[in-house]
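# quick one, what's the 3D model for this:
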Amino acid sequence: MPHLGPLRRRAWAALLGQLLRPPSTVCIRGCHSQVAKAVLTSEQLKSHQEKPNFIIKVPKGTRDLSPQQMVVREKILDKIISCFKRHGAKGLDTPAFELKEMLTEKYEDNFGLMYDLKDQGGELLSLRYDLTVPFARYLAMNKLKKMKRYQVGKVWRRESPAIAQGRYREFCQCDFDIAGEFDPMIPDAECLRIMCEILSGLQLGDFLIKVNDRRVVDGIFAVCGVPESKLRTICSSMDKLDKMSWEGVRHEMVSKKGLAPEVADRIGDYVQYHGGISLVEDLFKDPRLSQSQLALQGLGDLKLLFEYLRLFGIADKISLDLSLARGLDYYTGVIYEAVLLESSAQAGKETLSMSGEKVRTTETQVFVATPQKNFLHERLKIIAELWDAGIKAEMLYKNNPKLLTQLHYCEKADIPLMVIIGEQERNEGVIKLRSVASREEVTINRESLVAEIQKRLSEP
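Numbers count the residues shown, from 1 in each chain. Presented below is the predicted three-dimensional model:
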């Protein structure tokens, strides 16, 4: 048998044997049990007698999301994606891995943080580090000059995880980009508006969006005396200001990257500044910074940006922060990031974790039940009718389930309605409809079941 993957041949044989049978003879449960048995006895998962210290766990820096967490995550992503679509973005998906050479050209200083894959077919590959470079590759490969796109997907970074701070090796990114050549600052103003809409919609508390401009950063480096040969590596140090204090970044610049202390101190004089349009106007008059034409170009665009933000009604949520230096390896203009204000961020966390609201892990609307034996066929017919009508329905996968077990399942899952069919109901051509919360039951004609359920589900 050809090599099919890391499982032993017995596992693959069990799986393929079931899948290749005619549909009428496929037994999913039997297939699963055979595959599970084969897997559990494979070389990847030996018995506890052979590996007494073996612990089943997720890899370092990763996590499972429980059904309750997935409900919250999906609601958040629904709000984010709805906002992206409201602004006319198209969805895009790219491979989880890319050619290693393409990624290393963009992530020179973060080369050691990428996950490399073993050569399986003549290509050196790495898991994607973010969604930006794959988007750029997509544009170049398809010769596209303009595109407004969003993408939601996992990325991987081989750094030291800090779970308490929310830093993982595998995590989800949501990207919104407007690629192309446009009049200055109009797309950037819309991106900032989108950030405000999303953060306001998530109701996490007060927030502030910090903005800066790559040209202003480069201008600061130039007037402070950073040698051109050190621009890229100093940019990399500046990019760490979200994780390190200025003192720590200064130490790296001077001790590890050989920047003159007085040059680092001049940079330090600027990174403390933050404010609104008034700060932009003050920087125009700065004796040192005004010597840089590049910085003046950036300041001119920032002034225009704040005018558009005022028209969008969000200028009070935006602050120019000269310490902001994200993604300097590939950003050429305005850069920005949002932060929750400390007190509000804490309140937001408490709201999410202590609200006490029970989270439903399914959207099931109706449960089909029976109090008697040998009513599987009737339940299957009913649930098929409900599915055909677009109603979300469930039943237990048992021939003769106990009524109490079915009632407990309904209450635990917060399913609002229960359909009950028994011998008396079948003989009389009726069916019982039970409200799980109030435990009230009504008897209705069998033909009216779907219409009655739809009526109840439409009620507030």
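
# gap between the helix or strand harbouring residue 338 and the chain center?
Assigned by DSSP states H and E, residue 338 falls within strand 334-340. Relative to the chain's own centre, strand 334-340 is displaced by 18 Å; criterion: C-alpha atoms, centre = their mean, to the nearest Å.

# check stretch 450-460 too.
34 Å.

# can I get it as PDB, trimmed to CA atoms?
Provided in PDB are the C-alpha atoms of stretch 450-460 (Å, rounded to 0.1, in the frame of the first residue of the first chain):
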ATOM      1  CA  VAL A 450     -44.100  23.100  10.500                       C
ATOM      2  CA  ALA A 451     -46.400  26.200  10.300                       C
ATOM      3  CA  GLU A 452     -46.900  26.300  14.100                       C
ATOM      4  CA  ILE A 453     -43.200  26.000  14.800                       C
ATOM      5  CA  GLN A 454     -42.300  28.700  12.300                       C
ATOM      6  CA  LYS A 455     -45.000  30.900  13.900                       C
ATOM      7  CA  ARG A 456     -43.600  30.400  17.400                       C
ATOM      8  CA  LEU A 457     -40.000  30.900  16.300                       C
ATOM      9  CA  SER A 458     -40.900  34.200  14.700                       C
ATOM     10  CA  GLU A 459     -42.400  35.600  17.900                       C
ATOM     11  CA  PRO A 460     -40.100  37.900  19.900                       C
END
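
# now it: buried residues?
Using 16 or more other C-beta atoms under 10 Å as the test for burial, stretch 450-460 gives 450, 452-453. Where C-beta positions appear, they are placed from N, C-alpha and C, glycine not excepted.

# quick check: mean pLDDT of it?
Taken as a whole, stretch 450-460 carries a mean pLDDT of 92.

# residues contacting that stretch, please?
With contact meaning C-beta atoms under 8 Å, 6 or more residues apart in numbering, stretch 450-460 is reached by 365-366, 385-386, 389, 391, 416-417, 419, 433, 444.

# can you select the buried ones among these for me in ChimeraX?
The ChimeraX selection below is limited to those of the contacts of stretch 450-460 classed as buried (16+ other C-beta under 10 Å):
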select :365,366,385,386,391,416,417,419,433,444
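
# just flag the most distant two among the contacts of stretch 450-460.
385 and 416 (18.0 Å; C-beta to C-beta).

# and residue 91, what does it touch?
Shown in contact with residue 91 (C-beta under 8 Å, 6+ apart): 149-151.

# again with residue 197
residue 83.

# just say helix, strand or coil for it.
Three-state call for residue 197 (DSSP: H, G, I helix; E, B strand; the rest coil): helix.

# gap between it and residue 227?
According to C-beta to C-beta, to the nearest Å, residue 197 stands 42 Å off from residue 227.

# in stretch 69-77, what counts as buried?
Neighbour-count burial for stretch 69-77, counted by 16+ other C-beta under 10 Å, picks out residue 71.

# contact partners of it?
Here stretch 69-77 has contacts from 65, 152, 174, 202, 352, 359-361, using C-beta under 8 Å, 6+ apart.

# so among these, which ones count as buried?
Those of the contacts of stretch 69-77 that meet the buried threshold are 152, 174, by 16+ other C-beta under 10 Å.

# how about the contacts of stretch 69-77 in JSON lines, adding pLDDT and secondary structure?
Shown next, in JSON lines, are the contacts of stretch 69-77 (pLDDT from 0 to 100; DSSP: H, G, I helix; E, B strand; the rest coil):
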{"residue": "65", "pLDDT": "92", "secondary structure": "coil"}
{"residue": "152", "pLDDT": "97", "secondary structure": "strand"}
{"residue": "174", "pLDDT": "93", "secondary structure": "strand"}
{"residue": "202", "pLDDT": "93", "secondary structure": "helix"}
{"residue": "352", "pLDDT": "43", "secondary structure": "helix"}
{"residue": "359", "pLDDT": "79", "secondary structure": "coil"}
{"residue": "360", "pLDDT": "83", "secondary structure": "coil"}
{"residue": "361", "pLDDT": "87", "secondary structure": "coil"}
